[in-house]
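A.B. asks: Provide a 3D model corresponding to the input given below.
(chains A, B, C and D)
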2 protein chains.
Amino acid sequence: MVLAKTELFDNELQSCAELCKALAHPARLAILKFLSDAKMCITGDITEELPLSRTTVNQHLKELKDVGLIVGVTEGVKTNYCLNPKRVEELKNAIRVYLDMLDTTGCNCCK
Amino acid sequence: MVLAKTELFDNELQSCAELCKALAHPARLAILKFLSDAKMCITGDITEELPLSRTTVNQHLKELKDVGLIVGVTEGVKTNYCLNPKRVEELKNAIRVYLDMLDTTGCNCCK
DNA sequence: TTTTTATGACGTATATTTGCGTCATAAAAA
DNA sequence: TTTTTATGACGCAAATATACGTCATAAAAA
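C.D. replies: Numbering: from 1, shown residues only, chains lettered A, B, ... in the order given. Alright, predicted model coming up:
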């Protein structure tokens, strides 16, 4: 890729794609699910849950933090992570809006 | 990455992540949307619609074909593409099921 | 039959993602 | 105060993704 052409697309498509990308790895899906259940926990709890090294999990956490889906609050040595409810709602909404646009009645050849 | 660790996760998370990955680029979102509107069209129609070279669009089409979201039927020189309604429904469902699992009431610190 | 058209296949370059080890640091515990 | 613990930052290697040009091919058109 000589230039990232991503920004040549419609803003809505761009942000929807960005959110989908955050969901495009099972580790990140597992992290979000885990945080949804746990409400709040420290990095170590998540690390133990996943079949990946602490370093790698940390990187996935960083990606989720970067798109705003989770929040990390440092408290002493530990960092408490939790979902960012507002942003998760935005995620749900953006994806739903997009998926709802897709018509599945099918074309003539697919009926 | 020495080894792809993707397969170490729950099957549902894996397939959901795979589908999200297909949606993780605005070009692919645009293609799916375009096909949903057009019902059926040839490669060239899609190429004209996107700010990318024919080669690149073709590659995105291939990716969408690989996950089964679209179908391409060759007819003479041309190839007709359309959505695969069943697979798109699967996509919608898998993602909805996952998103519905995410609780957005928030933890104590986020209320 | 020759030429044009529409595509897919292939190769290439760069960028990004994935995964991990190691080091630094700051708070807690001993 | 020293040591342990929990993390984040940094750097590295391999795998993928992104983007495109060029070539080959087969059907249509001239």
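A.B. asks: The longest helix along chain A versus helix B:85-101: what angle between them?
C.D. replies: Longest helix in chain A by number of residues (criterion: DSSP state H): helix A:85-101. With axes from the mean of the first three to the mean of the last three Cα atoms, to 10 degrees defining the directions, helix A:85-101 sits at 160 degrees from helix B:85-101.
A.B. asks: what packs against helix A:85-101?
C.D. replies: helix A:11-22, helix B:26-38, helix B:85-101 (3 or more Cβ pairs under 8 Å, 6 or more residues apart in numbering or on different chains; DSSP states H and E). All C-beta atoms are positioned from the backbone trio N, CA, C, and that covers glycine.
A.B. asks: Buried residues of that helix, list them for me.
C.D. replies: Within helix A:85-101, the residues that count as buried by 16 or more other Cβ atoms under 10 Å in any protein chain shown are A:85, A:87-88, A:90-92, A:94-95, A:98-99.
A.B. asks: between those, which is nearest residue A:33?
C.D. replies: residue A:88 (11.4 Å; Cβ to Cβ).
A.B. asks: for the spatially closest residue to that closest one that is not a sequence neighbour, what are its contacts?
C.D. replies: Once flanking residues are discounted, residue A:88 sits nearest to residue B:104: 5.0 Å by Cβ to Cβ, 6 or more residues apart in numbering or on different chains. Listed by Cβ atoms under 8 Å, 6 or more residues apart in numbering or on different chains, the contact set of residue B:104 reads A:83, A:85, A:88-89, A:92.
A.B. asks: Recalculate using a threshold of 10 Å.
C.D. replies: Residue B:104 makes contacts with A:36, A:83-89, A:91-92, B:110, as judged by Cβ atoms under 10 Å, 6 or more residues apart in numbering or on different chains.
A.B. asks: which one is the residue nearest to the spatial centre of chain A nearest to, not counting chain neighbours?
C.D. replies: Nearest to the mean C-alpha position of chain A, by Cα atoms, centre = their mean, lies residue A:22 at 3.5 Å. In space, and not counting its chain neighbours, residue A:22 is closest to residue A:67: 4.7 Å by Cβ to Cβ, 6+ apart.
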